[in-house]
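>>> Predicted structure and sequence below. I'll ask about it afterward.
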Amino acid sequence: MRKQKSLKLNFIMNALLTMSSFIFPLITFPYVSRILLPEGTGKVSFATSLISYFSMFAQLGIPTYGIRACAKVRDDKEELTRTTQELVIINFVMSVISYTALAFALMLVPRLREERALYIIVSLTIAFNVIGMEWMYKALEQYTYITIRSIIFKFVALIVMFVFVHQKSDYIFYGAITILAASGSNIFNFINVHKFIDMRPVGKYHFKRHFKPIAVFFAMSCATTIYTHLDTVMLGFMTTDADVGYYNAAVKIKTILVSIVTSLGVVLLPRASYYIEHKMIDEFYRIAHKAINFVFLIALPMMLYFMIFAKEGIFFLSGSAYEKSILPMQVIMPTLLFIGLTNVMGIQMLVPLGKEKIVLYSEIAGAVVDLIVNFALIPRYASVGAAIGTLVAEIVVWVVQFGALKQDIMPAYKKIQYPQMLLALVIGCVASVWVKMLGWNSFFVLLLSAILFFGSYGLVLLIAHEPLVLEIVTQVIDKAKKVCNK
């Protein structure tokens, strides 16, 4: 039987991984956006979004289903090996079909044929996903390995970017570097997989047992990919590369913040699946309720702060050429809260409970609404219309999932200390908003205002004895005492 990893260690490792995902764009995007300008970053963003559809088809929902399937059998090496090999074979076959479809698209669609080299390079993510088996590593809670490996590759990609990206025409190099940073480390996954499973074929495969759940997870993946990338793809076909670039600048910041909001939930899926498999229902709901509280504590202040300081955030990350990104960013910021909540309710609760069809229905509803709103608003409002579509879609997803889990999740929502949080947010705003009037450089405005806003927010919650904040502070103090006493 495998020794269970500490949830605290998993969270710390995933927090470091999240920080690396946060720091890498903070360093690269200000540099790249000023060189490539909205048109260049728009080309790469459009290519990435389009290839995501082919990648989605190749993976068939395995990235999520694989975590649950492998987590259930992680104490049995032979069965873990069999399950992993079955999923890899399915993934490989679908990837071949996906690459074939992409080849025809590159030959037949003029819009794609013009940037064939860029699409071929970005499509390498499909091959890296096959050999990476990231879902198996997450099922075994190998977050220390995942974090170290990912940080190393991001550092390498950072160096490569400064070496090769120097002018507007280098957007293809930038596309290649983004793939290296995001998926290149999967090569090491393939090299190290022998430590966890047997490399030789174990036989007695049962592919059929995966087809039904994979179909559901694939449908979920389709719906999610549609409404998360549809805005960028529709902008690319209906407007200009520059409009895609403006929207991408806003989404880039949102994506960084979402990774922070969902950082706790990411490490809970394998543990939640394990608890359900072993009938540990109380433990399952305990970690789920704590995750809901965490989302509110983290998402609300970040959402409000970056709505107030949207201009400074955009100018710091992308430059004054991206002024048209400010309003889309303000519109899209509330999605931080809804994405964080649906990540917990959907992926961390409904999926382990075997109710993934509800997640599917919610995402289909979100995709349909997103499509309708985009068609109505993008032609007139471009990137702002796409931002509105995304926000409405995320709200719809939350409404469907909350309705399905209302009885189980309501206690968690009722325990949230809303008055204390509201007070903390108001004091945070009062303490920081005046910094905008100093006329400083965007970086220094963000630095000082963030210290004042989040410092005031945290201090008020600490004084108000918010349970999770107290727990975190107490644990940090205890750890510090232990270190000092050694």
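Yep, that arrived. Numbers count the residues shown, from 1 in each chain.
>>> next helix or strand past the least confident helix or strand in the chain by mean pLDDT?
Lowest mean confidence among the helices and strands of the chain (mean pLDDT, DSSP states H and E): helix 263-277, at a mean of 56. Along the chain past helix 263-277, the next helix or strand (assigned with DSSP states H and E) turns out to be helix 281-308.
>>> Quick one: list the elements packing against that following helix.
If contacts are counted by 3 or more Cβ pairs under 8 Å, 6 or more residues apart in numbering; DSSP states H and E, helix 281-308 sits against helix 241-261, helix 263-277, helix 335-342, helix 383-415, helix 418-432, helix 442-463, helix 467-485. From N, CA and C alone the C-beta is placed, and that goes for glycine too.
>>> which stretches of the stretch 1-150 of the chain form helices?
Here the stretch 1-150 of the chain has its helices, by DSSP state H, counting those that start in this stretch, at 7-59, 62-72, 77-108, 110-113, 116-122, 124-132, 134-139, 143-164.
>>> Same question for the shortest one: list its buried residues.
Same thing as helix 110-113. In terms of neighbour count (16 or more other Cβ atoms under 10 Å), helix 110-113 has its buried residues at L112.
>>> That one packs against which elements?
Against helix 110-113 (3+ Cβ pairs under 8 Å, 6+ apart) you get helix 77-108.
>>> chain center to the helix it packs on, what's the gap?
22 Å (Cα atoms, centre = their mean, to the nearest Å).
>>> Reformat the helices and strands packed on helix 281-308 as CSV; add mean neighbour count and distance to A47.
Below are those laid out as CSV (neighbours: other Cβ atoms under 10 Å; distance: least, Cβ to Cβ, whole Å):
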stretch, mean neighbour count, distance to A47
helix 241-261, 24, 10
helix 263-277, 23, 26
helix 335-342, 25, 23
helix 383-415, 20, 17
helix 418-432, 17, 38
helix 442-463, 18, 28
helix 467-485, 11, 40
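>>> so which of those comes closest to E78?
For the helices and strands packed on helix 281-308, the distance to E78 is smallest for helix 263-277, at 17.6 Å, taking Cβ to Cβ.
>>> pretty sure L158 is touching F29, no?
No - in terms of Cβ atoms under 8 Å, L158 does not count as a neighbour of F29; the distance is 11.6 Å.
>>> returning to what we had before: let's have the helices of the stretch 1-150 of the chain in TSV, adding distance to K252 and mean pLDDT.
Shown next, in TSV, are the helices of the stretch 1-150 of the chain (distance: least, Cβ to Cβ, whole Å; pLDDT from 0 to 100):
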stretch	distance to K252	mean pLDDT
helix 7-59	6	76
helix 62-72	22	82
helix 77-108	25	89
helix 110-113	23	80
helix 116-122	16	89
helix 124-132	17	86
helix 134-139	22	82
helix 143-164	15	81
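>>> got a list of what the closest residue to M238 other than its chain neighbours touches?
Using Cβ to Cβ, 6 or more residues apart in numbering and skipping residues adjacent in sequence, the residue nearest M238 is I378, 5.4 Å away. I378 makes contacts with D231, M234, L235, M238, T239, G385, A386, G389, as judged by Cβ atoms under 8 Å, 6 or more residues apart in numbering.
>>> ok, so what distance separates the fourth one from L337?
Same thing as M238. Applying Cβ to Cβ, to the nearest Å, the value for M238 to L337 is 28 Å.
>>> now the last one
Taking Cβ to Cβ as the criterion, G389 is separated from L337 by 17 Å.
>>> mind listing what I197 touches?
Applying Cβ under 8 Å, 6+ apart, the residues contacting I197 are K77, L80, T81, T84, Q85, M136.
>>> Out of the residues you listed, the closest to V460 would be?
The shortest approach to V460 among the contacts of I197 belongs to M136, at 42.8 Å (Cβ to Cβ).
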